[in-house]
Every structure is written in structure tokens, then in C-alpha cells.
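**Q** after the sequence you'll find the predicted model.
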Amino acid sequence: MAREHIEFVNIHEMDWQPVSIPGFSGELMQKLLSMDEESGASTSLLYIPSGATHEGGAYSVSIEALLLEGTVEINTTEISDLTHVYIEKHVGLNFIQFVSGCTFLWMTEGALHLVNDDATISDKEIVFTKTAEIPWQGTITPGFPTGAMRKSLYQNPETGASSWLLGVLPQFHDDRYEIHPVMEEAFQIHGEMGTSRGDFKQGSYFWRPAEIPHGDFSTEWGCLTFFRTDGPLKTTYVTKEDLV
């Protein structure tokens, strides 16, 4: 397994570490949440200070990011809190201005290398999704209990890999366990969810391989969670007794 199974780590219990990302100036800091040692793909909490710049160009792999806090202008679009960004590999970054210090949930599909060859740079656009401006929708999993809604953020048309926000109401409970045929990772933006593996509190993160049972969910005050998979999400529900 290239990436370690993680249940759970919390950003509030981790120290910031300096990090260098090709193309960026300034004193960048990160909290590394998970990493594939073979491909270099990773998920981290990334802080980029006000005044940092980018030299332009494109990256050799795709980048997905959720801006948790701050304001930044990318190309001609200014974004702020809880904006989702998808930068496909070879899509050009022409201009970045950090209006304030920015904290991202930062996800890369491999080790980042800057590409400056005009023949390689794609004319596709960066995809921005301002989550506050898109409507809540019903969950897409058959049998999912009432009390939760979803905002779809991105889906890869070839692999079915998906990202979304899940909002859960207070006093939600489901004593079943779930099993998925795909990898799943999540970051708790707000609130907490109790599970058999412990409390998934604000600032917590997991990276879970396919076919790992997880469940017995409950929350007193509700939560807002970012989820991501590497393929189409399908769910098999089982009981605790089924797992014995």
C-alpha cells in the first residue's frame, strides 16, 4: 500500500513545518496529512503568507484545493473562504496575488514539477467552485439516512473520482457500518461526528483504503465535512454483528 491508512489525525495537534513548492515565493508552511511515497501524491494543510507570489507556468500533475481561510486572486478570479479549486495538470497559472494569508486543504496527484514550455501548457481553465453559491442537494447514496445533504464540487469524467461537502444535521444517528470499493479521505471543517473509531472532530482528517468497514455514526450538534474518493462512490451497509 503506497499511502498509509490513517484514522484520525488532527491539525490542532500538529506543528507547522516549512515547505518549498516550485513556483512559489515566500515562507510557505505545511502540516502533512498523508502522502503516497511512490507517486508523491499528498494531502496537506498549506499556509501561504500575504505577499507571496508565483512565477507562472503550469504543474506536471493536477492539484485540488479547498481554501479554508483567506483571500487570493488566481489569474483573474478572486476567491475567499470555502472556495474549491481544481487545477488540471498543464493548466497555466498566469497570475497569483495573495491578498491575505491563506490556508488551504491542498491535494496533489503526484510530486509537483513546474512546466514552462508553451507547447505543453494547456488552454483549459482553472475550475473554481464557490461553495456558498451552490445549492444543497440530497445525498446520492441509496439508503443514506435522512438528516444530511451534499454539495458536489468535482468529478473526474474518466475515473469517477469525486469531491463534495456533506452537511449533517444535529442529533443525526446511524448505527450501521459502511464499506466502499474506493479510497476515501475526509477533513472535518466544522463540528464533529462520533464513530466506533473515535470522535472525528473539527480539524480531523482520515485517509482510508477501499473495503474498510467504518461506522456507527452520531453527532449531537452536526458537522460540515469535505470528502474525496478516487472513483465512483458506492456503499454497502452492514451491521456490527455482520463484522464479527
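**A** Nice, I can see it. Numbering: from 1, shown residues only.
**Q** for Met1, report the pLDDT, please.
**A** Looking at Met1, its pLDDT is 50.
**Q** who are the contact partners of Ala58?
**A** 89-93, 114-116, 120-122 (CB atoms under 8 Å, 6 or more residues apart in numbering). Heads up, the C-betas are built off the backbone N, CA and C, glycines and all.
**Q** low-scoring stretches of the protein, by residue?
**A** 1, 119 (pLDDT under 70).
**Q** just the buried members of the contacts of Ala58?
**A** 89-93, 114-115, 121 (16 or more other CB atoms under 10 Å).
**Q** among those residues, which are in helices?
**A** Of the buried ones among the contacts of Ala58, none are assigned to helices by DSSP state H.
**Q** from those, pick the one nearest Phe206.
**A** Closest to Phe206 out of those is Lys89 (26.0 Å), distances taken as CB to CB.
**Q** where does that closest one fall, phi/psi-wise?
**A** For Lys89, the backbone dihedrals (degrees, to the nearest 10) come out as phi -50, psi 140.
**Q** thought it was touching Val61?
**A** Yes - judged on CB atoms under 8 Å, Lys89 makes contact with Val61 at a distance of 5.1 Å.
**Q** anything in contact with each of the two?
**A** Taking CB under 8 Å, 6+ apart as the contact rule, Lys89 and Val61 both touch Glu109.
**Q** closest one of the contacts of Ala58 to Gly143?
**A** Lys89 (36.1 Å).
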